[in-house]
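Enquirer: Have a look at this prediction, sequence included:
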Amino acid sequence: MDASSKIGILKALEVECYSICYYVLQQETLATQASKETMQELWSSESFYLQDADHRLKALKQLALRRSMGIYRTHLAERIQVLVAN
């Protein structure tokens, strides 16, 4: 698939991706990071573009949740370290 087609597909899913990430993280900076990581991973996934729209949305939701939870765990661990150190 050519780059402009991939961009069009990702552009159509961008708001949904950010919404999921923000719902999980409740913080704009972290949600932006999770959304960006999700989109970057989808950009390089050729199999993602071979799926129909419903399956793409499902894959996006799963990956956005996985990325958001990973960032949440990392952020929480960092906060705990700061609290323990003080």
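Expert: Yes, it's here.
Enquirer: So which bits of the lengthiest helix in the chain are buried?
Expert: In the chain, with assignment by DSSP state H, the single longest helix is helix 53-85. Across helix 53-85, burial judged by 16 or more other Cβ atoms under 10 Å covers 56, 59, 60, 63, 64, 65, 67, 68, 71, 72. Quick note: C-beta positions are derived from backbone N, CA and C, even for glycine.
Enquirer: Then stretch 14-28?
Expert: The neighbour-count check on stretch 14-28 (16+ other Cβ under 10 Å) flags 17, 18, 20, 21, 22, 24, 25 as buried.
Enquirer: Of these, which belong to helices?
Expert: Filtering the buried residues of stretch 14-28 for helices - DSSP H - leaves 17, 18, 20, 21, 22, 24, 25.
Enquirer: Could you tell me how far the third one is located from residue 58?
Expert: Going back to what we said before, that points to residue 20. When distance is defined by Cβ to Cβ, to the nearest Å, residue 20 is 12 Å away from residue 58.
Enquirer: which residues touch residue 14?
Expert: Neighbouring residues of residue 14 by Cβ atoms under 8 Å, 6 or more residues apart in numbering: 35, 39.
Enquirer: if you set the cut-off to 7 Å instead, what comes out?
Expert: Contacts here follow Cβ atoms under 7 Å, 6 or more residues apart in numbering; on that basis residue 14 touches residue 39.
Enquirer: Just give me how far the helix or strand where it lies sits from the chain centre.
Expert: Following DSSP states H and E, one finds residue 14 within helix 3-25. From the chain centre to the centre of helix 3-25 is a distance of 8 Å (Cα atoms, centre = their mean, to the nearest Å).
Enquirer: CA atoms only: put it into CSV for me.
Expert: C-alpha atoms of helix 3-25 as CSV (Å, rounded to 0.1, in the frame of the first residue of the first chain):
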residue,chain,number,x,y,z
ALA,A,3,2.1,6.1,1.8
SER,A,4,-0.8,8.4,1.0
SER,A,5,-3.3,5.6,1.4
LYS,A,6,-1.8,4.6,4.7
ILE,A,7,-1.9,8.2,5.9
GLY,A,8,-5.6,8.5,4.9
ILE,A,9,-6.5,5.4,6.9
LEU,A,10,-4.5,6.5,10.0
LYS,A,11,-5.9,10.0,9.7
ALA,A,12,-9.4,8.6,9.9
LEU,A,13,-8.6,6.7,13.1
GLU,A,14,-6.5,9.4,14.8
VAL,A,15,-9.3,10.9,17.0
GLU,A,16,-10.5,7.5,18.0
CYS,A,17,-7.0,6.5,19.0
TYR,A,18,-6.4,9.6,21.1
SER,A,19,-9.8,9.3,22.7
ILE,A,20,-9.0,5.8,23.9
CYS,A,21,-5.6,6.8,25.2
TYR,A,22,-7.0,9.8,27.0
TYR,A,23,-9.8,7.8,28.6
VAL,A,24,-7.3,5.3,30.0
LEU,A,25,-4.6,7.8,31.1
